[in-house]
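In: Predicted model and sequence follow; I will ask about them next.
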Number of protein chains: 2
Amino acid sequence: MSHGRFAINIHILTILANVGKGEMVGMVWVSSEFIAGSIDINPVLVRKEISHLRKAGLVESKEGKNGGSALAKPASKIFLSDVYKSVYERPVLGNVKNHSNAHCPIAQQINEHIEVLYQSAEDAILEKLGCTTLQQFSDKFH
Amino acid sequence: MSHGRFAINIHILTILANVGKGEMVGMVWVSSEFIAGSIDINPVLVRKEISHLRKAGLVESKEGKNGGSALAKPASKIFLSDVYKSVYERPVLGNVKNHSNAHCPIAQQINEHIEVLYQSAEDAILEKLGCTTLQQFSDKFH
DNA sequence: TATACTGTAATATATTTAATTACAGTATGA
DNA sequence: TCATACTGTAATTAAATATATTACAGTATA
C-alpha cells in the first residue's frame, strides 16, 4: 500500500462510524467533500479509497443529490484487519525485487526466503489488527 | 524505511554470514562491489546501508586495499529485529501526516490514536522478527 | 607509490504518490 | 422536468521519494 493509505481509510471509517454525532447531526450519507475536508486531502482521493472499501463490503454509497457514503455494517463487525486487507497492495516490509544476480548462490535463494519472512510479518500485523474493531477504535474519541 | 531497504540489508548480512563458503572461499572482507553484484544494485547504495549496519553495531568495515565488510558479531547473536531497527525510518503502516483539519472533532484526535495503533503494529513485527537470528535465517540456504 | 578499496556528498534519473481537472452518470426536490 | 449536488472514474500534472550515478578525498596494502 502507499504509505498513508491505511490512515486515510481508518479516518474515513471513523467519520462514518460517528455519523449523527457532533458536527454530523442529521447526516445520513456523508459526502466525499466533507470527508476530504476533515482529512485535508483531495475529494477524488477519498472517492478512490471509498471505492476500495465498497469492494471490501465495508462501506456503501449512494449516488446523486444528497448522496454520499455510510458503513455497510455495524462498526462492531468491522475489524481493523479488514481495513488493512482492503488497503493491501504489498508486504509491509517491502516488495521483493526479483533482480538479484542469478549466478550468486545466495541471491538465487534469498528472495523466496525473504518472502516467507515477509508473510509471517504480514500475519503478525493482521493478528494484531484483528484484535480491534472499528467500534472500539472510535469509542476512544470523546 | 524505503521499500526494499529491509530486503537489501538482509541480503547484505546473509552474504556476510556465508563468507568463506562457496564463491566466497578465502574471502575475509567482502567488498561493496561484490555485494552489489549479488543484489544487482549500485555499490554506493550498499555502502550506505552498510554505514547504517555499522552504526547499529552489526557490521564492521576495513578501509583500503583488500578492505570490505564483515559481521561485527556471530550471526547467532544477530536478530532480524536488530536489522529492522537499523533500517527503521517510519512506522510500517505509514507516517501519520499531521495535516488533518483542526476544526473537525474527529480529525483532532485521530492522529494520536492512529499513532498508538501503529506502535502496536511495530511491536508485533519486532516481536516476530525477534524470533529469528541471522544464523537461523541463513541456515535455510543449502 | 600504484592499486583497490571505503566514505560521503552532490547530482541526476526513475518511480511512486497525491492533487487536480474534467466530465459522464444519477438521484433529489423545487 | 430540470437545476442542483452528488458519485465514479479516467487522464493529466505536480510533488515527493527512492535509486543510480558521478566524483573524489581518504586509507591500507603489496
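Out: Sure thing, it's come through.

In: any bit of the worst-scoring helix or strand of chain A on mean pLDDT sitting next to DNA strand D?
Out: Taking mean pLDDT, DSSP states H and E as the measure, the helices and strands of chain A show their lowest mean at helix A:105-129, namely a mean of 86. No: applying C-beta under 7 Å from any atom of the strand, one finds helix A:105-129 separated from DNA strand D by no less than 14.0 Å. C-betas here are computed from N, CA, C, even on glycine.

In: Who are the packing partners of that helix?
Out: helix A:80-87, helix B:5-17, helix B:32-39, helix B:105-129 (3 or more C-beta pairs under 8 Å, 6 or more residues apart in numbering or on different chains; DSSP states H and E).

In: residues from chain A in reach of DNA strand C?
Out: Contact residues, chain A versus DNA strand C (C-beta under 7 Å from any atom of the strand): A:2-5, A:41-45, A:62-67.

In: Show me which of these are buried.
Out: With neighbours counted by 16 or more other C-beta atoms under 10 Å in any protein chain shown, the residues of chain A next to DNA strand C contain buried members at A:4-5, A:41, A:45.

In: thought A:M24 was touching A:I35?
Out: No: under the contact definition of C-beta atoms under 8 Å, A:M24 does not touch A:I35, with a separation of 10.6 Å.

In: between the two, which one's more packed in?
Out: Taking neighbours as other C-beta atoms under 10 Å in any protein chain shown, A:M24 and A:I35 compare with A:I35 leading, 25 against 17.

In: Contacts only, for the more buried one.
Out: For A:I35, the residues meeting the contact criterion (C-beta atoms under 8 Å, 6 or more residues apart in numbering or on different chains) are A:11-12, A:15, A:43, A:46, A:69.

In: The spatially closest residue to it that is not a sequence neighbour: which element?
Out: If you skip the residues right next to it in sequence, A:I35 has A:V46 as its closest partner in space, 5.0 Å away by C-beta to C-beta, 6 or more residues apart in numbering or on different chains. Secondary structure here is read from DSSP states H and E; on that basis A:V46 sits in helix A:43-55.

In: Quick check: next helix or strand after that helix?
Out: Next helix or strand after helix A:43-55 toward the C-terminus (DSSP H and E): strand A:59-62.

In: Off-centre distance for that next one?
Out: When distances are taken as C-alpha atoms, centre = their mean, to the nearest Å, strand A:59-62 is centred 16 Å away from the chain's centroid.

In: and it, what does it pack onto?
Out: For strand A:59-62, the packing partners by 3+ C-beta pairs under 8 Å, 6+ apart come out as helix A:5-17, helix A:43-55, strand A:68-71.

In: how about the closest residue to A:P43 other than its chain neighbours, what does it touch?
Out: If the residues on either side of it in the chain are set aside, A:P43 comes closest to A:A36, at 4.0 Å by C-beta to C-beta, 6+ apart. Contact partners of A:A36, counting by C-beta under 8 Å, 6+ apart, are A:42-43, A:45-46.

In: and of the residues you listed, the nearest to DNA strand D?
Out: Using C-beta to the nearest atom of the strand, A:P43 is the member of those that sits closest to DNA strand D, with 6.4 Å.
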